[in-house]
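Asker: the sequence isn't on hand, but the structure is:
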């Protein structure tokens, strides 16, 4: 995806955010800035450490007192399921005490997709005090905490909790001795539609979507005369861009919730495709931020009568949405371990990381591109990075080394899409790269040509992304040892993932589509 020049230096710009965040008004409650201020060590939006919650009774009680003093009515406890959906439970502030951080709250794990069987369904949520925030979309003042998912008897972390997987991947990085810190940046693309409906049943299947700014509405008198032509959404000004104000509203809400936004713009696809970039962070924090980003984008659009989707390919004839993932490894002092004097300013270690991604190209896609729809994006002709080559400025390669200051050297893995679970996506990318470093897998020569223009013979030795979810799952089943090192991805999680995703493929395989009726009804 193309980026404004100042965004390319994102990793070098480490100055603290200085913009004053103003209170916002929505259909529900909005927390003033002072409600987002830390009340104890480690508590507060944007101050997310990954140690245990505050250990003393005084610190925990300080958090409770702060919530009470600020008029909080509800505490919303959130966790991420295996597929990447935020789930939640609400607790009245009268029932949320300092002991809640230890005692937690029970829930039925058998009702969560891919989790517990019914005969062992009890599970426990433990609020993580460092993830405290406020929800701007609720009618009643609501504080939010992300939660760890644990066994209610032993308090052992749950192997299928995606956030726990991401924490383990960071710990595994340190245990290898290769690096101390992994920074991740995510470019999340998405669509905003004015209308969307679908229907799938025994008697038929259909979907309908609409975007006021799209070229297909040019014949409607009420819709104005400035329409974005197909594949020309990047990125004309108003009145073509009808979503600028809504994107700005999303930006304001993101900043009010602790994210540092770097840029916002329309994307290539004409009917409502957008991108909003926020600052990189460590792996777990960026995954947390992707979840928060999706929540805020969806709810802000809903308040304006529109709908947001992170589906990779909602429009057949236009570009799909990716989630280009930027990665860099650092020593404990913050120095960048990808900076060197090899190709595009990479270090030898950085090249080995690339080699790991290329070696596990197909299996990694089971987590980075985990839906049937993902592979409708990964086709030639729509700027999709389907060839696992690496290059410098070349956006047709799946792995790019963006122009940057040496301190900001990083890889950009362009294949992932926003339908993924970010905790599993980022963890899988890290584990593949670490395998490349440990095995010293050199990626070979860079490819600095327009890959889309190469002949099939010229492309025959370049690894390809899978052509379908089923192909990615087959690859994962054969190639997963690199993920299980350090027990980061447990065999149990991988088995469950394969089972549930194969179920999706099986249902899709049996479902007739409108296209089939168009082609074959009169056969």
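Answerer: Perfect, thanks for sending it. These numbers were taken from a predicted model, which means no experiment stands behind them.

Asker: so where's the protein uncertain?
Answerer: Applying pLDDT under 70 to the chain flags residues 1-59, 221-224, 381-382.

Asker: so residue 90 is in which element?
Answerer: Here residue 90 sits within strand 86-92, counting by DSSP states H and E.

Asker: which other residues reach that strand?
Answerer: 73-81, 100, 105, 107, 112, 125, 142, 291, 294-295 (Cβ atoms under 8 Å, 6 or more residues apart in numbering). In this view, the C-beta of every residue, glycine as well, is placed from N, C-alpha and C.

Asker: try stretch 451-467
Answerer: Taking Cβ under 8 Å, 6+ apart as the rule, stretch 451-467 contacts 358, 361-362, 365, 369, 375, 378, 380-381, 385-389, 394, 396-398, 415, 447, 472, 475.

Asker: show me what the longest strand belonging to the chain packs onto, helices and strands only.
Answerer: Criterion DSSP state E: the longest strand present in the chain is strand 181-193. With contacts defined as 3 or more Cβ pairs under 8 Å, 6 or more residues apart in numbering; DSSP states H and E, strand 181-193 has these neighbours: helix 162-176, strand 273-278, strand 281-282, helix 283-303, strand 307-309, strand 323-330, helix 422-439.

Asker: distance from the shortest one to the middle of the chain?
Answerer: Using Cα atoms, centre = their mean, to the nearest Å, we find the averaged C-alpha position of strand 281-282 to lie 13 Å away from the chain's own average C-alpha position.

Asker: then the longest one?
Answerer: Shown here is helix 283-303, whose average C-alpha point lies 9 Å from the average C-alpha point of the whole chain (Cα atoms, centre = their mean).

Asker: now it and strand 86-92, what's the angle there?
Answerer: In terms of direction (axes from the mean of the first three to the mean of the last three Cα atoms, to 10 degrees), helix 283-303 departs from strand 86-92 by 80 degrees.

Asker: if we can go back for a sec, off-centre distance for the strand holding residue 90?
Answerer: Strand 86-92 sits 21 Å away from the centroid of its parent chain (Cα atoms, centre = their mean).

Asker: return the set of buried residues in that strand.
Answerer: Residues of strand 86-92 classed as buried by neighbour count (16 or more other Cβ atoms under 10 Å): 87, 91.

Asker: what strands flank it, and is each parallel or antiparallel?
Answerer: strand 74-80 (antiparallel) (DSSP bridges).

Asker: can you list the residues that contact the strand it pairs with?
Answerer: Here strand 74-80 makes contact (Cβ under 8 Å, 6+ apart) with 67, 86-93, 96, 105, 125, 127, 135, 138, 140-149, 161-163, 291, 421, 423.

Asker: repeat for stretch 329-345
Answerer: Outside stretch 329-345, the residues that touch it by Cβ under 8 Å, 6+ apart are 173, 178-183, 328, 346-351, 353, 391-392, 401, 404, 406-411, 446.

Asker: mind listing the helices for the stretch 301-450 of the chain?
Answerer: Taking DSSP state H, counting those that start in this stretch, the helices of the stretch 301-450 of the chain run over residues 348-359, 361-368, 374-377, 422-439.

Asker: show me what the first one is packed up against.
Answerer: This means helix 348-359. Where contact means 3+ Cβ pairs under 8 Å, 6+ apart, helix 348-359 is packed against strand 323-330, strand 399-400, strand 411-413, helix 422-439.

Asker: what lies in contact with the shortest one?
Answerer: Contacts of strand 399-400 with the rest of the structure, by Cβ under 8 Å, 6+ apart, involve 354, 357-358, 388-394, 411-414, 443.

Asker: 10 Å instead?
Answerer: The contact list for strand 399-400 (Cβ atoms under 10 Å, 6 or more residues apart in numbering) reads 324, 326-327, 344, 353-354, 357-358, 361, 385, 387-394, 410-415, 443, 446-447.

Asker: list buried members of these by neighbour count.
Answerer: Using 16+ other Cβ under 10 Å, the buried ones in the contacts of strand 399-400 are 324, 326-327, 344, 353-354, 357-358, 361, 385, 387-391, 394, 410-415, 443, 446-447.

Asker: list the residues that contact the spatially closest residue to residue 487 that is not a sequence neighbour.
Answerer: Leaving aside its chain neighbours, residue 487 sits nearest to residue 168 (6.9 Å; criterion: Cβ to Cβ, 6 or more residues apart in numbering). Listed by Cβ under 10 Å, 6+ apart, the contact set of residue 168 reads 157, 159, 161, 175, 427, 431, 486-490.

Asker: switch the cut-off to 8 Å
Answerer: So residue 168 contacts 427, 486-488 (Cβ under 8 Å, 6+ apart).

Asker: identify the farthest-apart pair in those.
Answerer: 427 and 487 (12.1 Å; Cβ to Cβ).

Asker: more neighbours: these two, which one.
Answerer: Legend: neighbour count by other Cβ atoms under 10 Å for residue 427 and residue 487, higher for residue 427 (28 against 13).

Asker: from memory the more buried one sits against residue 493, does it?
Answerer: No. Between residue 427 and residue 493 there is no contact under Cβ atoms under 8 Å: 10.4 Å.

Asker: joint contacts of those two?
Answerer: Between them, residue 427 and residue 493 share the contacting residues residue 165, judged by Cβ under 8 Å, 6+ apart.

Asker: against residue 227, how distant is the closest residue to residue 244 other than its chain neighbours?
Answerer: What sits nearest to residue 244 in space, not counting adjacent residues and going by Cβ to Cβ, 6+ apart, is residue 238, at 6.0 Å. For residue 238, the distance to residue 227 equals 13 Å [Cβ to Cβ, to the nearest Å].

Asker: so residue 118 sits right up against residue 112, yeah?
Answerer: No. The criterion here is Cβ under 8 Å, and residue 118 misses it with residue 112 at 11.7 Å.

Asker: quick one: which of the two has more around it?
Answerer: Comparing residue 118 with residue 112 by other Cβ under 10 Å, the one with more neighbours is residue 112, at 19 against 9.

Asker: contacts only, for the nearest residue to that one once chain neighbours are set aside.
Answerer: Closest residue to residue 112 apart from its sequence neighbours, by Cβ to Cβ, 6+ apart: residue 81 at 5.2 Å. For residue 81, the contact set (Cβ under 8 Å, 6+ apart) comprises 87, 112-115, 162.

Asker: and the residues you listed, which is closest to residue 249?
Answerer: residue 87 (25.9 Å).

Asker: please enumerate the helices of the stretch 101-250 of the chain.
Answerer: Remark: helices assigned in the stretch 101-250 of the chain by DSSP H, counting those that start in this stretch are 162-176, 244-256.

Asker: got a markdown table for those helices, with distance to residue 316 too?
Answerer: Listed next are these as a markdown table, based on distance: least, Cβ to Cβ, whole Å:
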| stretch | distance to residue 316 |
| --- | --- |
| helix 162-176 | 31 |
| helix 244-256 | 24 |
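
Asker: so which of the ones you listed is nearest residue 501?
Answerer: Residue 501 lies closest, by Cβ to Cβ, to one member of the helices of the stretch 101-250 of the chain: helix 162-176, at 14.5 Å.

Asker: over to residue 499: give its phi and psi.
Answerer: Taking degrees, to the nearest 10, you get phi -60, psi -50 for the backbone angles of residue 499.

Asker: what about it, distance to residue 510?
Answerer: Separation of residue 499 from residue 510 (Cβ to Cβ): 17 Å.

Asker: same check on residue 303?
Answerer: Distance of residue 303 to residue 510, given as Cβ to Cβ: 38 Å.

Asker: of those two, give the one with the bigger neighbour count.
Answerer: Applying other Cβ under 10 Å to residue 303 and residue 510 shows that residue 303 carries more neighbours, namely 16 against 7.

Asker: tell me, how many neighbours does residue 340 end up with?
Answerer: Using other Cβ under 10 Å, residue 340 has 17 neighbouring residues.
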